[in-house]
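> following is a predicted model, sequence given first.
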Amino acid sequence: MKAPFRIVSALGLLLALAGCAEPPAVKREQAPLPKDVEIVQGIEIGQYGGMFILSETTQPTTFNYYVPSNMGTVSILGQMFNTLVDFNPIKMEIVPALAKSWEVGEDQQTYTFHLREGIRWADGEPFSADDVVFTFGVVLADETDPETGETTPLYPTRYYSELHIDGKKIEFEKLDDFTVRFRTPTVYAPFMYDMMSVPILPKHKLQPYHEKRDFMRAWTTQTAIDTPSEIVGTGPFVLESYRPGERLILTPNPHYWKADESGQRLPYIDRLIYKFVTESNTEVVYFATGQTSASAVGPSDVAWVKDNEETYDFTLYERGLSPYVTMIWLNLNPGKSDEGKPYLAPHKLRWFSNKLFRQALLYAFDREAVIDAVFFGRGQPLDSFVSPPYGKWHNENIKKYRYAPEKARALLRQAEFTWDDDGRLLDPDGKRVEFDLMLPSGGSWEEMVVTFKENLDAIGITVNLNPVDFTTMLRKIDYTFDYDAGVIGWGSNSAAYDPSGSKAFYLSEGIYHIWHPKQKKPATEWEARIDQLFNEQEQILDLQERQARMHEVQNILAEEAPMILLASTFSTVGMQNRWRNIMMPSAGSPIWNIEMLWTPEPVTD
């Protein structure tokens, strides 16, 4: 399990961001390498030292991987924890991680993992099969209501549904201290992919929380501030300190299980530092002026940043279209709060539930204008939730919506909407059409949706932009559902792809079925059909047959239009040239191999 950009260090040494001297070297503990150490082959042997500095707009919201969070949180935790298997984005294959090997039974339903012997958690406690069984036991913990007989997850996460196949849990058992066996209820094609996304947690630290049914309150941001050493993993780094609004620092895990061919324990770098900034533009400026080690570079910044390549000795890597998805969606949840208040005003629910209305919004939205204005032409309209970089999983032949305001008006007339003398759109009951669009505060979100607001205003619809902090947005999406519409990004730090990674999005019962999550049964026929197709493809080993079913899923989503996809933009990443062992993948985290990076030129005055 890898994350994109992360951070590490000690002391309040953000002086480095201002170009100050290199802080004292990290003292390396000489803990013995584990029996089953992984010796990394084919890299340049490096030396210890140096700081890898990054800036980030999103701060961690938790240090418990299984609490819903943002991508920045996942990135940081990806440096501290490991999964049983990982994905190499250069070789494009699944590789060993905490498990050194595995076998698949002849029935294609039994998976036996052999764990590395001698691995220790960052606090020195031994890692074993008990930790694996504990982790899956927590993720799949549930309870049954004695009155209704309904079974619900004890800790609602996307992993609970992801690890159910056809409504049944995967089974798992400890065979001995270093062997774990899993069994799926039926043939399940993405099982190994799923194993790449379930980080293993320390039983000795977190079992008390689980016993009190309080697991989701473990390892909060306050833990990170007050007692960072309580948060222990098996990854290359450990948390040294966290100052909200300022920075987060990771230092090398003294018990990490990888070493180079000379026997040096990885990682090489002494400190990985995240400096938190309020604007994405600041991230790019820091990198382009030599103050950070790496950065994503947005389409609007590529030209001027490239002019600084020679002066500040870095390289921009063009990686093609990004698999990252940005979308606007409408709240289709017909439920009510505990007080009996509808989540969404009934007249708005009637608008949003009308497919013609939803399609009209797509035709009314000039996404090419957004691409030209915000992304300087470096992108293309996104037509499918499965973006083009995912190859044959992507359906090129689905319904495409391009800017056609007269077509939008025709669809609205067909849905019996009209216009008043002021040109404002009225629903069949005479109500003016107006709704709020929730968006994450900060970053370039408002730039992306202002054209949507203007385009809809041109056909008589009033859209009010409502920026909120990300924590508030998550609460509304996941729990209170009291909003009209929203805009958000969806993506992964990994270059690996399987639809299973978005299972909680596709299935009507899914926690991230964002327009109407956690349905007890499909609310519409088209959602029922998607459920059927998705479940079928998971139980088929033939890749082409799986992809054919996912193509039909994409056709349905394009026709029903529960979301308005924005754009697929070109991905550009910058890295300082002083770093060695850079292996830039076509997708996923540019520092997927952060433990291998080293520099002969530590930061100096």
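Arrived safely, thanks for sending.
> pLDDT weak spots in this structure?
Low-confidence segments of the chain (pLDDT under 70): 1-24, 443, 493, 495, 602-605.
> so which residue is smack in the middle of it?
Centroid-nearest residue in the chain, with C-alpha atoms, centre = their mean: S492, separated by 4.1 Å.
> could you find the closest non-adjacent residue to that residue?
G501 (6.3 Å; C-beta to C-beta, 6 or more residues apart in numbering). Backbone N, C-alpha and C define where each C-beta goes, glycine included.
> could you check how many residues crowd around the one you found?
When counting by other C-beta atoms under 10 Å, one arrives at 18 neighbours for G501.
> return the set of buried residues in the helix or strand containing L175.
Taking DSSP states H and E as the criterion, L175 maps to strand 171-176. Judged by neighbour count using 16 or more other C-beta atoms under 10 Å, the buried positions of strand 171-176 are F172.
> for that strand, packing partners?
Packed against strand 171-176 by the contact rule (3 or more C-beta pairs under 8 Å, 6 or more residues apart in numbering; DSSP states H and E) you find helix 129-139, strand 179-183.
> next SSE downstream of the first one?
Read that as helix 129-139. Heading C-terminal from helix 129-139, the first helix or strand you meet, by DSSP H and E, is strand 142-144.
> distance from the longest strand along the chain to the middle of the chain?
Across the chain, the longest stretch assigned as strand under DSSP state E is strand 567-576. Chain-centre distance of strand 567-576: 17 Å, with C-alpha atoms, centre = their mean, to the nearest Å.
> okay, now the sheet partners of it, with direction.
Partners of strand 567-576 in the sheet, by DSSP bridges, are strand 294-296 (antiparallel), strand 314-321 (antiparallel), strand 379-381 (antiparallel).
> now stretch 146-161: how far from the chain's centre is it?
In terms of C-alpha atoms, centre = their mean, the centre of stretch 146-161 is found 23 Å from the chain centre.
> ok, now stretch 364-375?
Remark: stretch 364-375 is offset 25 Å from the chain centroid, using C-alpha atoms, centre = their mean.
> what of stretch 397-407?
When distances are taken as C-alpha atoms, centre = their mean, stretch 397-407 is centred 29 Å away from the chain's centroid.
> so what touches that stretch?
Outside stretch 397-407, the residues within contact range by C-beta atoms under 8 Å, 6 or more residues apart in numbering are 359-360, 362-369, 381, 383-384, 455, 458-459, 551, 554-555, 558-559, 561.
> just the buried members of those?
Buried by 16+ other C-beta under 10 Å: 359-360, 362-368, 381, 383-384, 455, 459, 551, 554-555, 558, 561, out of these.
> what's the longest helix in this protein?
helix 543-560 (DSSP state H).
> export only the CA atoms of it, formatted as CSV.
Presented in CSV, the C-alpha positions along helix 543-560 are these (Å, rounded to 0.1, in the frame of the first residue of the first chain):
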residue,chain,number,x,y,z
LEU,A,543,-11.3,-10.4,-17.9
GLN,A,544,-13.1,-9.6,-21.2
GLU,A,545,-16.4,-10.7,-19.7
ARG,A,546,-15.8,-8.6,-16.6
GLN,A,547,-15.1,-5.6,-18.7
ALA,A,548,-18.2,-6.1,-20.9
ARG,A,549,-20.4,-6.0,-17.8
MET,A,550,-18.6,-2.9,-16.6
HIS,A,551,-19.2,-1.3,-20.0
GLU,A,552,-22.9,-1.8,-19.5
VAL,A,553,-22.7,-0.3,-16.1
GLN,A,554,-21.1,2.8,-17.6
ASN,A,555,-23.8,2.9,-20.3
ILE,A,556,-26.5,3.0,-17.6
LEU,A,557,-24.8,5.7,-15.6
ALA,A,558,-24.4,7.8,-18.8
GLU,A,559,-28.1,7.4,-19.6
GLU,A,560,-29.4,8.0,-16.1
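> list phi and psi for the residue nearest to S492.
Dihedral pair for G501: phi -60, psi -20, per degrees, to the nearest 10.
> just checking, it touches W490?
No: the pair G501 / W490 is not scored as a contact, 10.2 Å apart, by C-beta atoms under 8 Å.
> between the two ends of stretch 455-471, how far is it?
Taking C-alpha to C-alpha, to the nearest Å, the first and last residues of stretch 455-471 lie 29 Å apart.
> now do that stretch: everything it contacts.
By C-beta under 8 Å, 6+ apart, stretch 455-471 touches 58, 61, 70, 360-361, 364-366, 403, 405, 408-409, 412, 419, 423-425, 432-442, 445-446, 449-450, 452-453, 476, 483.
> so which of those belong to strands?
Going by DSSP E, the strands hold 419, 425, 434-440 from those.
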